[in-house]
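**Q** A predicted structure for the sequence below; I have some questions about it.
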Amino acid sequence: MILTVSIETATLLVQVAFLVGAVTDALAMLPMLSRRIGVALFGGDSSRNPAEYRYAMGIAASLVAGWTLLLLWGAASPIERRHVLLLTVFPVVTGIVIATAVAARRRVVILSRVIPLWIHLGVVSCLYIIAYVLSIPFAT
């Protein structure tokens, strides 16, 4: 069975996917910019906040801010820019999941606290892939 949707529905779905990603990214910057928020979410020691860590998190937050703007840009022309959805799933989300799994294995983060993140990223990735596939017939 092949599911088809109208161009209006596909456009709205892709646009919603972009906006969900932009909100997700904006929220992801919070633990990068505040060690206390990061520790509250993922565990760790808030007293350990060396300059190297702050530097790395500053760079990471800048990259996430850029990707947030890229997703908002995609929402402005969702069908034309839908490929950004796939780039977000592969390698961005995939890389986050792998890095988090390594961190959990090394006990840098608490496993039980990253499982909700993985669930969220899994749902967002499914939304992205479904939106992308349903928009294929309308790509120019």
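**A** Thanks, I have it. All figures in this text were calculated on a predicted structure; none of them were measured in a lab. Residues are numbered from 1 along each chain as shown.
**Q** where along the chain do the helices fall?
**A** In the chain, the helices defined using DSSP state H lie at 7-33, 35-42, 51-76, 83-87, 94-105, 111-135.
**Q** nearest to Met1, out of these?
**A** Of all these, helix 111-135 sits nearest to Met1, with 13.7 Å by CB to CB. Placement of C-beta: from N, CA and C, glycine included.
**Q** now the closest one: buried residues?
**A** Using 16 or more other CB atoms under 10 Å as the test for burial, helix 111-135 gives Val114, Leu117, Trp118, Leu121, Val124, Ser125, Leu127, Tyr128, Ala131, Tyr132, Leu134, Ser135.
**Q** and it, what does it pack against?
**A** Counting contacts by 3 or more CB pairs under 8 Å, 6 or more residues apart in numbering; DSSP states H and E, helix 111-135 packs against helix 7-33, helix 35-42, helix 83-87, helix 94-105.
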